[in-house]
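**Q** Just need the structure, nothing else, for what follows:
(2 chains)
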2 protein chains.
Amino acid sequence: MTNQVLRELEERMSVRLFDCRPVSEEIKRTLFHAAFQAPTAGCQQLYTILDITDPALKRELADICDHQSFIASAPVVLIFLADCRRWLDSYREAGCQARRPGPGDLLLAMADACIAAQNTVTAAHSLGLGSCYIGDILEQCERTRDLLCLPEETVPAAMLVIGWPKETKNARTKPGRADQSYIVHENRYRLLSGQEHREMIQSTGRCQPDYDSWMSAFCRRKYESDFSREMSRSASVYLRPFLQEE
Amino acid sequence: MTNQVLRELEERMSVRLFDCRPVSEEIKRTLFHAAFQAPTAGCQQLYTILDITDPALKRELADICDHQSFIASAPVVLIFLADCRRWLDSYREAGCQARRPGPGDLLLAMADACIAAQNTVTAAHSLGLGSCYIGDILEQCERTRDLLCLPEETVPAAMLVIGWPKETKNARTKPGRADQSYIVHENRYRLLSGQEHREMIQSTGRCQPDYDSWMSAFCRRKYESDFSREMSRSASVYLRPFLQEE
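**A** Numbers count the residues shown, from 1 in each chain, chains lettered A, B, ... in the order given. As a prediction, the model looks like this:
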């Protein structure tokens, strides 16, 4: 069972290396148009997209995002903000005494922003562009807020770098996904057995030389890393204004 | 500038009314496959998809989600959980003393789950299926956790209903999106002026009979509604375990 769209979703891979050709304004408008076509709660488009064109800002963002230098040289850098401020201002402009946004508003806006971002990724691929999400944009809240003039009712939900893929001799292969049986549960959540955890990682083709050593190294490198702890510290600062009682 | 993928992203509209033809297991596997092909942080697939097949559970979910009865009769009901539990268990199975997941882990998993959900929506449309997100799944945390056996390290990031669209005589038109100038900002966030708020809503084709009355009614019906306040109460319960200090 396949078709053009399914084939393109399958062949898309994250791309971090771009050649120096710029991405035209027309293409950017096409990408934003595709983002806007995504489903959005109550057609509210609870996001703002920052189109980072200033090279100095790109360099700062590369530094904020765990010093990933390819961000600084990416032709297009987009930040999808979960935006609980714009509607608040729209309400107030109409004279409404609107309440402060709460955690439900934020999570709904996070979903809206990520859904729009993924339409952008799919649209970019269809035009021959490569893209990559940068999760690290959640780090260093104070510095990012200051740099991008973020109101405290906004949170970076996703960041994308986009450009024309650099031709590479040895094309990467897409990392393997887990077997559906571990990720799709019928009706209710079920905890996996120890054996299933082992088989799941095996099903992705990782786990060299063996489960325990691969998993321990991954845990140290990803989950117990400085950047991961910083992400949670920073996220808690982003969340704070949404958790205040009225 | 267009192609098959861009046209399909554009023509997709939310569908809530389905005919009674079932969606085959093969199609569901195809949808999950497309979901899995989405970008995912460190290839971790930080989500679990609950495939709700039990009619009694669907009825309960329809009730939880602000009594939207079409949920109970939807052929496919999927809940995309941001899952910070599965990797924790994988780490522990390898003997790691892994820390409790924090808010950064949660927001990263929320993004992963929504990105995968949006691939599912795009794939469904390409197969002629209709779909709709149900934001209300964030409400009534306690009841949902109990019903679906959710560990406290998981949060529903998105819910989708999917099925074959019912033929309708008067096809809806897709709600208008705002003009890009209000949603896409260059380099830094900028607050819109009162006039811009008015023009933005005008650009979506809403605002009948005038801005102030349309916006005030929308604010009452959506933002100041009981379901919206419940969503934030419930979301704060979901967030609590992620905010505890080690």
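
**Q** Flag the shaky bits of chain A, pLDDT-wise.
**A** Using pLDDT under 70 as the threshold, the predicted model of chain A has low-confidence ranges A:169-170, A:245-246.

**Q** Pairing partners for the biggest strand by length in it, with directions?
**A** Using DSSP state E to assign secondary structure, the strand with the most residues in chain A is strand A:154-163. In its sheet, strand A:154-163 lies beside strand A:76-83 (antiparallel), strand A:130-133 (antiparallel), with partners assigned from DSSP bridges.

**Q** Reformat these as TSV; add distance to residue A:143.
**A** Glycine gets a C-beta too; all of them are placed from N, C-alpha and C. Conversion of the strands paired with strand A:154-163 to TSV gives the following (distance: least, C-beta to C-beta, whole Å):
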stretch	distance to residue A:143
strand A:76-83	14
strand A:130-133	20
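
**Q** any idea which of those is most buried?
**A** The highest mean neighbour count among the strands paired with strand A:154-163 belongs to strand A:76-83 (a mean of 26), with neighbours defined as mean count of other C-beta atoms under 10 Å in any protein chain shown.

**Q** centre of the chain versus the helix or strand that that strand is followed by, how much separation?
**A** Past strand A:76-83, heading to the C-terminal end, the next element that is a helix or strand (DSSP states H and E) is helix A:86-93. For helix A:86-93, the distance between its averaged C-alpha position and the chain's averaged C-alpha position is 26 Å (C-alpha atoms, centre = their mean, to the nearest Å).

**Q** so helix A:86-93 versus strand A:154-163, what angle?
**A** Relative orientation of helix A:86-93 and strand A:154-163, computed by axes from the mean of the first three to the mean of the last three C-alpha atoms, to 10 degrees: 130 degrees.

**Q** Now do helix A:86-93: which elements does it pack against?
**A** On a contact count with 3 or more C-beta pairs under 8 Å, 6 or more residues apart in numbering or on different chains; DSSP states H and E, helix A:86-93 meets helix B:194-203, helix B:211-218.

**Q** Is there contact, residue-wise, from the shortest one to chain A?
**A** Yes: shown here: helix B:211-218 in contact with chain A (C-beta under 8 Å from any C-beta of the partner chain) through B:211, B:212, B:215, B:216.

**Q** So for chain A, the centremost residue is which one?
**A** Note on chain A: the residue nearest the mean C-alpha position is residue A:158, at 3.2 Å, using C-alpha atoms, centre = their mean.

**Q** pretty sure that residue is in contact with residue A:115, am I right?
**A** No: counting by C-beta atoms under 8 Å, residue A:158 stays clear of residue A:115, with 9.7 Å between them.

**Q** Show me the common contact partners of these two, please.
**A** Applying C-beta atoms under 8 Å, 6 or more residues apart in numbering or on different chains, one finds that residue A:158 and residue A:115 are jointly contacted by residue B:115.

**Q** and the helix or strand harbouring residue A:185, which strands flank it?
**A** Residue A:185 is located in strand A:184-186, with elements delineated by DSSP H and E. Strand A:184-186 has its sheet partners listed here by DSSP bridges as strand B:47-52 (parallel).

**Q** and the partner strand, how far from the chain's centre?
**A** Between the centre of strand B:47-52 and the centre of its chain there are 13 Å (C-alpha atoms, centre = their mean).

**Q** which residues sit against that strand?
**A** Identification of contacts with strand B:47-52 by C-beta under 8 Å, 6+ apart yields A:183-189, B:28, B:32, B:35, B:58, B:61, B:76-83, B:86, B:109, B:112-113, B:116, B:148, B:154, B:157.

**Q** Which helix or strand lies directly C-terminal to it?
**A** Toward the C-terminus, strand B:47-52 is succeeded by helix B:55-64 as the next helix or strand (DSSP H and E).

**Q** distance between that following helix and the chain's centre?
**A** The mean C-alpha position of helix B:55-64 is separated from the chain mean by 17 Å, C-alpha atoms, centre = their mean.

**Q** which helices and strands sit right next to it?
**A** Here helix B:55-64 is seen to pack against helix B:141-148 when contacts are counted using 3+ C-beta pairs under 8 Å, 6+ apart.

**Q** if you look at the helix it packs on, does any of it touch chain A?
**A** Yes: Helix B:141-148 lies in contact with chain A when judged by C-beta under 8 Å from any C-beta; the contacting residues are B:147, B:148.

**Q** Please list all residues in contact with residue A:198.
**A** So, once contact is read as C-beta under 8 Å, 6+ apart, residue A:198 ends up touching A:211, B:93.

**Q** Repeat the analysis, applying 6 Å as the threshold.
**A** Shown in contact with residue A:198 (C-beta atoms under 6 Å, 6 or more residues apart in numbering or on different chains): residue A:211.

**Q** related to what we said a few turns ago, relative orientation of the longest strand of chain A and helix A:141-148 in degrees?
**A** For strand A:154-163 against helix A:141-148, the angle between stretch directions is 70 degrees (the same axes, to 10 degrees).

**Q** Can you tell me what sits against strand A:154-163?
**A** In this structure, residues lying in contact with strand A:154-163 by C-beta under 6 Å, 6+ apart are A:18, A:71, A:74-83, A:85, A:110, A:113-114, A:117, A:124, A:129, A:131-134, A:137, A:238, B:111.

**Q** and the angle for it with helix A:55-64?
**A** Angular relation of strand A:154-163 and helix A:55-64 on a 0 to 180 degree scale: 110 degrees, by the same axes, to 10 degrees.

**Q** Can the helix or strand where residue A:27 lies be said to contact chain B?
**A** Element membership for residue A:27 (DSSP H and E) is helix A:25-36. Yes: using C-beta under 6 Å from any C-beta of the partner chain, we find that helix A:25-36 touches chain B at A:30, A:32, A:34, A:36.

**Q** what number of residues lie near the first one?
**A** By the other C-beta atoms under 10 Å in any protein chain shown criterion, the neighbourhood of residue A:30 contains 20 residues.

**Q** can you check the second one too?
**A** Counted with other C-beta under 10 Å, the neighbours of residue A:32 add up to 21.
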